[in-house]
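*Asks:* Following is a predicted model, sequence given first.
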Amino acid sequence: MSGLASALLNGLAQGAMIALVALGYTMVYGILKLINFAHSEVFMMGAYAGFFALAGPLAGLPPLAALPLTIVAAMAASSALGVAVERVAYRPILSRGGGGKAVGARITPLVTALGMSVLLQNAAVLAFGARPRSYTRMPINTQLVIFVTAIAVMGALHLLVNHTWMGKAMRALSTNVEAARLMGIRTTRVILFTFAVGSSLAALGAVLYCLDQSQAYATMGQVIGTRAFVAAVLGGIGSIPGAVVGGILLGVVGELTKLTSYSGGQDVLTFVVLIAVLLWKPTGLFGRGGVEKV
Amino acid sequence: MKSRRSILGALALGALLVGCSKSSAPQQGAAPGASAAPAAGEVLVGAYFSLSGEETQFGKDSQEGIVLATDELNAGGGVKGRKVKVIFEDTKSTPQEATNKVRQLIDRSKVVALLGEVASSRSLAGGLIANAAKIPMISPSSTNVEVTRGREFVFRVCFTDDAQGVAAAEFVTKKLGKKKVGLLYLAQDTYSSGLAKTFSEAVKKLGGEIVVEKGYQKGEKNFRTHLDQLMAAKPEIIFVPNYYTDMVPIAQQAKEKNIPGSMFVGGDGWDSEDLLKGAATELEGAYFTNHYAPDVPWENSKRFVAAYHARWKREPSSLAAQAYDSAKLLFDAMGRAKAIEPLAIRDAIAATKGFSGATGTISIDKDRNADKPLVVVQIKGGKFVYHSTVNEKQP
């Protein structure tokens, strides 16, 4: 029984981390209707940024001071990268998409996103090498820190989206970008803000992940990115509470499969859960078919 | 208009191809230790390794071992009075390029024998060509069983994954005397799950018991639940035949659960300085089976380590030692062969018995694999230290 309890706790921590990354997918999709595949690479770059901050300038600091600074450094680096990806790769293509009427208006940005993902991953291999980098170990209960931080951040995000001017603007964009622009909202600024927030959440997830599971490596985005994307779809892509619930559900299910003798086929069971949920509710758990998405 | 464009395209492509083949020509002389032009009477041997790309280090280590062996041979007068020249080609860490380069070495450079590769996927690709062209090939470090299977011209000087699984089982049950064994392996990986399978079969044959078995998924870095499940079955030892990259988080998370490093035994996938950098204290006392250790107490190995150190100013890796042995064994076979031509060399390699190499005494068995000792290495005081030998053939 204690095995089950500890697996559940592990799953909650793992799931909270996945949820942090899933939020990035869901926020961007909510506004641009674009699946930002480069998001997993932003996550990976956040892990590297944290690694270099922790191994370099912050090396001598006590863990309680170093940890917040590492997270801030990683969030800053990742949000800069996320914004750069939007400026360089998405905006020129989306602005030429003819408001969604042109043929391939959905496909072109999608392929661009995949291309950015491949580009960033290979750039990381070239720049940092294929060998995994081990994070400095910290004498803290990492799983507790992950869970508490993730819940606190998601609470803050809820406040941001529902109780600030910028949040209102984001919700307006998710309903109708053109109408929001007519209302005087500077849509490009809101989009950049969304990318920055989503990317910094990914970086937070990345640093927590590495503290817990020790390594940063160039292909790490693929593993966690896939799970986070599935979590976002499971919860109903575009829905913020959906991403949180989807992430935690995925984390717990994944951890519970490790208790069975099918532990090597964890993703098989994960995807069975995904398919089952989508058969029952095609828009995902919290998806509402196009209304009020962020 | 359209057809004209395609003609132009074909022309451009042709020009590109010519350009490519020209530019690859000077590469032949670029290998360190090789002389500029093939003089008359020189014996040409081809070597294909990953000299660029993801596994550059594998290729560089192997090249250094082969260059050292070749220089030693030529300094001593060569083989049958002829100097040997090794032509190195780069596989760029891909099987496709291994195929191309082996073909090029055979057709253009007319080599009499081949040395290569480290990765089994590339040795499989290169071996297919070599076998069809009836040119003998020796792989220094590919452990996958399939590499030599059914290929009369393909040999290896390292042990196979099967032999390693059996040797690790012998070590665990006999030398350590542990009968209740746990197993943790990477489920989607041929190397890891294959080794786990041969190991568990051998343990059962030797009177041991696999009390718990856990596969994990590629990319998984959270092993706490796996470790809980393993420890719940109360094994005396846990065999983890994976790569060092996964072993670092496993060891660190085991430490959180106060599982001592001496609980773990691994395979040659652990052989990396990065394992020590990431988890030396966590794995203090752990063992793994390997091809070689720099401090093995064998005369030939000591001589090799000293010579390698003098030539390259660093410690040899096990890949370098195996590449050195593959070249030495080939030259030895050439000396014994009736003539220096592929068929005779093949027969001489197949007849090798009791060859003394840097990685132990090697005999080639009927399946063209090496019958040789395995080294057990222990992690001790933050270093890899020689512990003992399994399957010892030395008198």
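*Replies:* Everything's here; your move. Residues are numbered from 1 along each chain as shown, chains lettered A, B, ... in the order given.

*Asks:* Next, give phi and psi for the single nearest residue of the stretch 101-250 of chain A relative to chain B.
*Replies:* Closest contact between the stretch 101-250 of chain A and chain B, by C-beta to the nearest C-beta, is at residue A:223 (3.4 Å). Using the backbone N, CA and C atoms, a C-beta is placed for each residue, glycine as well. Main-chain dihedrals, residue A:223, degrees, to the nearest 10: phi -70, psi -60.

*Asks:* Tell me, how many residues neighbour it?
*Replies:* The number of residues packed near residue A:223 is 18, by other C-beta atoms under 10 Å in any protein chain shown.

*Asks:* so residue A:150 touches residue A:20, yeah?
*Replies:* Yes: assessed by C-beta atoms under 8 Å, residue A:150 is found in contact with residue A:20 at 5.5 Å.

*Asks:* what sits in contact with each of the two?
*Replies:* By C-beta atoms under 8 Å, 6 or more residues apart in numbering or on different chains, residue A:150 and residue A:20 have these common neighbours: A:205, A:208.

*Asks:* How about the contacts made by the residue of the stretch 1-150 of chain B found nearest chain A?
*Replies:* For the stretch 1-150 of chain B, the residue closest to chain A is residue B:54, as judged by C-beta to the nearest C-beta, at 5.3 Å. Under the criterion of C-beta under 8 Å, 6+ apart, the neighbours of residue B:54 are A:125, A:130, B:93.

*Asks:* Following element in sequence after the helix or strand hosting residue A:109, please.
*Replies:* Assigned by DSSP states H and E, residue A:109 belongs to helix A:107-128. Using DSSP H and E, the helix or strand that follows helix A:107-128 towards the C-terminus is strand A:133-134.

*Asks:* just checking, what packs against that next one?
*Replies:* When contacts are defined as 3 or more C-beta pairs under 8 Å, 6 or more residues apart in numbering or on different chains; DSSP states H and E, strand A:133-134 sits against helix A:39-55, strand A:215-216, helix B:273-279.

*Asks:* quick one: strands adjacent to it?
*Replies:* strand A:215-216 (antiparallel) (DSSP bridges).

*Asks:* Give me the mean pLDDT for the strand it pairs with.
*Replies:* Averaging pLDDT along strand A:215-216 yields 87.

*Asks:* contacting residues around the residue in chain A that chain B sits nearest to?
*Replies:* In chain A, the residue found nearest to chain B is residue A:264; the distance is 2.5 Å by C-beta to the nearest C-beta. Residues counted as contacts of residue A:264 (C-beta under 8 Å, 6+ apart) are B:185, B:186, B:187, B:188, B:193, B:214, B:215, B:216, B:217.

*Asks:* Show me which of the residues you listed is closest to residue B:387.
*Replies:* Lowest distance from residue B:387 to these (C-beta to C-beta) belongs to residue B:185, with 22.3 Å.

*Asks:* who are the neighbours in contact with that closest one?
*Replies:* Residues near residue B:185 by C-beta under 8 Å, 6+ apart: A:264, B:192, B:193, B:195, B:196, B:214, B:215, B:216, B:240, B:241, B:242.

*Asks:* Quick check: beta-bridge partners of it?
*Replies:* With DSSP bridges as the rule, residue B:185 is bridged to residue B:215.

*Asks:* ok, now residue B:240?
*Replies:* Those that pair with residue B:240 in a beta bridge, by DSSP bridges, are residue B:266.

*Asks:* Can you give me the neighbour number for it?
*Replies:* 30.

*Asks:* how much space between it and residue B:269?
*Replies:* For residue B:240, the distance to residue B:269 equals 9 Å [C-beta to C-beta, to the nearest Å].

*Asks:* Could you check how far residue B:257 is from chain A?
*Replies:* Residue B:257 is 10 Å from chain A, where distance means C-beta to the nearest C-beta, to the nearest Å.

*Asks:* distance of that residue from residue A:16?
*Replies:* Relative to residue A:16, and taking C-beta to C-beta, residue B:257 is found at 21 Å.

*Asks:* In terms of packing, which of these two has more residues around it?
*Replies:* Neighbour count, other C-beta under 10 Å: between residue B:257 and residue A:16, residue A:16 has more, with 24 against 13.

*Asks:* OK, contacts around that one?
*Replies:* A:146, A:147, A:150, A:151, A:247, A:248, A:251.

*Asks:* again with residue B:252
*Replies:* By C-beta under 8 Å, 6+ apart, the contact list for residue B:252 reads A:137, A:214, B:278, B:279, B:282.

*Asks:* just checking, residue B:319 touches residue B:56?
*Replies:* No: using C-beta under 8 Å, residue B:319 is not in contact with residue B:56, being 11.9 Å away.

*Asks:* neighbour count winner among the two?
*Replies:* residue B:319 (25 against 16).

*Asks:* Check which helix or strand the more buried one maps to.
*Replies:* Here residue B:319 is assigned to helix B:318-336, by DSSP H and E.

*Asks:* before we move on, back to that, now, of the contacts of residue A:264, which are buried?
*Replies:* B:185, B:186, B:187, B:193, B:214, B:215, B:216, B:217 (16 or more other C-beta atoms under 10 Å in any protein chain shown).

*Asks:* how close does the fourth one get to residue B:367?
*Replies:* Using C-beta to C-beta, we find residue B:193 at a distance of 22 Å from residue B:367.

*Asks:* again with the last one
*Replies:* Relative to residue B:367, residue B:217 is positioned 33 Å away (criterion: C-beta to C-beta).

*Asks:* returning to that earlier point: tell me the helix or strand right after the helix holding residue B:319.
*Replies:* Following helix B:318-336 in sequence, per DSSP H and E, is helix B:342-350.

*Asks:* Could you identify the helix or strand that succeeds that next one?
*Replies:* Next along the chain from helix B:342-350, counting by DSSP H and E, comes strand B:355-357.

*Asks:* now the helix or strand following that next one and helix B:318-336, what's the angle there?
*Replies:* Along the chain past strand B:355-357, the next helix or strand (assigned with DSSP H and E) turns out to be strand B:360-364. Angle of strand B:360-364 versus helix B:318-336, following axes from the mean of the first three to the mean of the last three C-alpha atoms, to 10 degrees, is 50 degrees.

*Asks:* For strand B:360-364, which outside residues touch it?
*Replies:* Strand B:360-364 is contacted from outside by B:155, B:157, B:292, B:296, B:298, B:301, B:325, B:329, B:349-356, B:370-373, B:375, B:389, B:392-394, using C-beta under 8 Å, 6+ apart.

*Asks:* which residues of the chain score low on pLDDT?
*Replies:* Went with chain A since none was named. Scanning chain A for pLDDT under 70 picks out A:1, A:97-105, A:288-294.

*Asks:* not quite, I wanted chain B
*Replies:* Filtered on pLDDT under 70, chain B yields the residue ranges B:1-40, B:392-395.

*Asks:* So what sits opposite residue B:362 in the bridge?
*Replies:* Going by DSSP bridges, residue B:362 forms beta bridges with residue B:355.

*Asks:* Relative to residue B:237, how far out is the residue nearest the centre of chain B?
*Replies:* Centroid check for chain B by C-alpha atoms, centre = their mean gives residue B:141 as the closest residue, at 1.8 Å. In this structure, residue B:141 and residue B:237 are 27 Å apart, going by C-beta to C-beta.

*Asks:* Can you tell me the number of residues neighbouring residue B:276?
*Replies:* Number of residues near residue B:276 (other C-beta under 10 Å) recorded here: 17.

*Asks:* hang on, it packs against residue B:377?
*Replies:* No: applying C-beta under 8 Å as the test, residue B:276 and residue B:377 come out as separate, 11.2 Å apart.

*Asks:* Check the contact lists of the two and give me the overlap.
*Replies:* Common neighbours of residue B:276 and residue B:377 (criterion: C-beta under 8 Å, 6+ apart): residue B:384.

*Asks:* and whatever helix or strand residue B:379 lives in, is it in reach of chain A?
*Replies:* Using DSSP H and E, residue B:379 maps to strand B:374-380. No: judged by C-beta under 8 Å from any C-beta of the partner chain, strand B:374-380 and chain A are separated, with a smallest distance of 15.7 Å.
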